[in-house]
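Chemist: got a predicted structure here, sequence first:
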Amino acid sequence: MRGNQGIQSGGAIHWFLQRVTGICLVIVVAVHTILAHYTVPEGGLSYEWVVQRLSQPLWKLFYVFLLFLCVYHGLNGIWMIVQDYVQRDGWRVAIFGSLIMLGVLMLSIGLLTIVPLGIRG
């Protein structure tokens, strides 16, 4: 069984980033909610409206930032729970590898959705 390694465990930076990403997510999701759900044109939300918004580089960057924040915050939170409750090294390695693969998959799908939208061609 592992002893408490304190700050030398390397977990302090992830603990700190969990708090920072949480604060950023509150702000970014509030901006998304206000702008994307309360500034909808009269005809209602449509695919064309979303494509038009995502044709602007700053909106695209905003949603890519939101994607990265969500994936990191969620998977880092799961990893922090795993570190608290899973003691066997083999299980930790398997879970960590699975979380990395899940993160790459979610980022890939998200980026493949966000980046091409709004590109005229």
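Modeler: Everything's here; your move. All values reported here derive from a predicted model rather than from experimental measurement.

Chemist: spatially nearest residue to residue 21, not counting backbone neighbours?
Modeler: residue 73 (4.2 Å; CB to CB, 6 or more residues apart in numbering). The way it works is simple: take the backbone N, C-alpha and C, and place the C-beta from them, glycine included.

Chemist: show me what contacts the one you found?
Modeler: 18, 21-22, 25 (CB atoms under 8 Å, 6 or more residues apart in numbering).

Chemist: following the longest helix seen in the chain, which helix or strand comes up?
Modeler: Of all the segments of type helix in the chain, defined by DSSP state H, the longest one is helix 57-85. Next in sequence after helix 57-85, counting helices and strands by DSSP states H and E, comes helix 89-114.

Chemist: any low-confidence regions in the chain?
Modeler: 1-10, 120-121 (pLDDT under 70).

Chemist: mind redoing it with 90?
Modeler: In the predicted model, the chain carries pLDDT under 90 at residues 1-12, 14, 35-54, 83-84, 117-121.
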